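> what's the 3D shape of this:
(one chain, ligands or ions: 1)
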Amino acid sequence: MSEFTGKTAIISGGAEGIGLSIAQALGAEKMNIVLADIDQTNLEKAGNDLAAAGIPVLTVALDVSQEEQWHEVANQAINMFGKIHMIVNNAGIGGDTGPIENQDQQGWQWALDVNLMGVVFGAKVMTPYIKSHGEGGWIVNVASMAGMGGIPYLGAYTATKAAVVALSESWAGELEPSGIHVSVLCPAFVQTRIHESGRNRQKKYQSKNSNPAETSLLTDLAKEKVEKGIEVSIVGKRVVEALHDGEFYIFTHPNYYSLAKQRAEMIDQAFNKSAQSPLLKHIVNQEIEMP
Ligand SMILES: NC(=O)c1ccc[n+]([C@@H]2O[C@H](COP(=O)([O-])OP(=O)(O)OC[C@H]3O[C@@H](n4cnc5c(N)ncnc54)[C@H](O)[C@@H]3O)[C@@H](O)[C@H]2O)c1
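Model (predicted):
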């Protein structure tokens, strides 16, 4: 028996990859699992696999960028399991790669709607259900190491993942008093099909960059990196380990620490520079008040 036993988790993008790995790990903790995904074929398969492993499971079709579909997920989850305790906002896409001048509106909108608004809608719709029973709960947002520092030629993805880190920091302070623990998962490369995200690109976001047959140097590079990433089953178990310990930032690649440290040191140096500016002398020692 753990703090998760008998409670209910909703996992977006749970049909495969990191989402399914988290579902398996939470299922092993005896949680009820609601898998929600845009890919109905894989969704059904994943649901059958979890059920065969003895995990109570419900599958619901969901495009995370459509707020009204989240309400349907919540309704079905409540009908089947009674309460909702955890939302794992995992569904995400890699987005277009390339130089800034080649990025078009449709590509940006795809990344913003799925990677950012998908997370916003998931939290917005599920939070009242988690608050309602008073038993507390969890919001787990899946960002990326890309959210911890910009990746050249991957602007839209980087921007949305940085936004997910920032949102998680904001929500953590807001929701802790309601007993809802917020975490943000920041993996580096994991063996999934993230480099083939175009398979789920909705029609309205199709653009000249979205031809799935297009193989640029950058997509090949991404594929190679992902294929050399860590094995996906580790990620779900790592998330459970981190949630048991109440971790906020959940890292899966301790070998990337030097990158985060380098960024922190650059920020440190930049603050020191500003403190030396004659223009800012009058506020160097001024107290700040946080809201
Ligand atoms: N694999 C990596 O190297 C890596 C690294 C850092 C972060 N991530 C993040 O992990 C999360 C999961 O990605 P993954 O690596 O498992 O990729 P994946 O492509 O294997 O799985 C993504 C899942 O999300 C679903 N999905 C895509 N668009 C959707 C939509 N609009 N609505 C609902 N479901 C949708 C897909 O059908 C799929 O089941 C993403 O947020 C991704 O950015 C992955």
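> show me what from the stretch 1-150 of the chain comes close to the ligand.
Within the stretch 1-150 of the chain, the residues that sit near the ligand (Cβ under 6 Å from any ligand atom) are 12-13, 15-19, 37-39, 42, 62-65, 90-93, 114, 142, 144. Any C-beta I mention is one placed from the backbone N, CA and C, and that applies to glycine too.
> hmm, try it at 8 Å
Within the stretch 1-150 of the chain, the residues that sit near the ligand (Cβ under 8 Å from any ligand atom) are 12-21, 36-39, 42-43, 62-65, 90-94, 113-115, 118, 142-146.
> OK, contacts around Tyr153?
The contact partners of Tyr153, by Cβ atoms under 8 Å, 6 or more residues apart in numbering, come to 97-99, 218.
> got phi/psi on the nearest residue to Asp113 once chain neighbours are set aside?
Excluding the flanking residues, the one nearest Asp113 by Cβ to Cβ, 6 or more residues apart in numbering is Ser65, at 3.9 Å. In terms of degrees, to the nearest 10, the main-chain angles of Ser65 are phi -80, psi 0.
> among the residues of the stretch 1-150 of the chain next to the ligand, which ones are in strands?
Under the assignment DSSP state E, those contribute 12, 36-37, 142 to strands.
> helices of the stretch 151-291 of the chain, start to end?
Taking DSSP state H, counting those that start in this stretch as the test, the helices found in the stretch 151-291 of the chain are 155-175, 217-227, 232-244, 257-276.
> of all those helices, which one is nearest Gln202?
Gln202 lies closest to helix 155-175 among those, at 15.2 Å (Cβ to Cβ).
> so what touches the lowest-mean-pLDDT helix or strand in the chain?
Here the helix or strand of the chain ranked lowest by mean pLDDT, DSSP states H and E is helix 217-227, holding a mean of 87. By Cβ under 8 Å, 6+ apart, the residues outside helix 217-227 that reach it are 94, 97-98, 153, 189-192, 194-195.
> just the closest of those residues to Phe4, please.
Checking the contacts of helix 217-227 against Phe4 with Cβ to Cβ, the nearest one is Val190 at 22.3 Å.
> sorry, back to before: which of the ones in strands among the residues of the stretch 1-150 of the chain next to the ligand are buried?
Those of those that meet the buried threshold are 12, 36-37, 142, by 16 or more other Cβ atoms under 10 Å.
> okay, now the unreliable bits of the stretch 151-291 of the chain?
Within the stretch 151-291 of the chain, the set of residues satisfying pLDDT under 70 comprises 209-216, 291.
> which positions in it make contact with the ligand?
So the stretch 151-291 of the chain meets the ligand at 157, 161, 185-194, 196-197, 199-200, 202, 225-226, 229, 232 (Cβ under 8 Å from any ligand atom).
> can you tell me the closest non-neighbouring residue to Trp110?
Nearest in space to Trp110, with sequence neighbours left out and distances taken as Cβ to Cβ, 6+ apart, is Tyr205 at 3.7 Å.
> circling back to that earlier point, mind listing which of the residues of the stretch 151-291 of the chain next to the ligand are in strands?
185-186.
> returning to that earlier point: can the contacts of helix 217-227 go into TSV with extra columns for distance to Met31?
Listed next are these as TSV, based on distance: Cβ to Cβ, whole Å:
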residue	distance to Met31
Gly94	28
Thr97	36
Gly98	40
Tyr153	38
Phe189	27
Val190	22
Gln191	24
Thr192	22
Ile194	25
His195	30
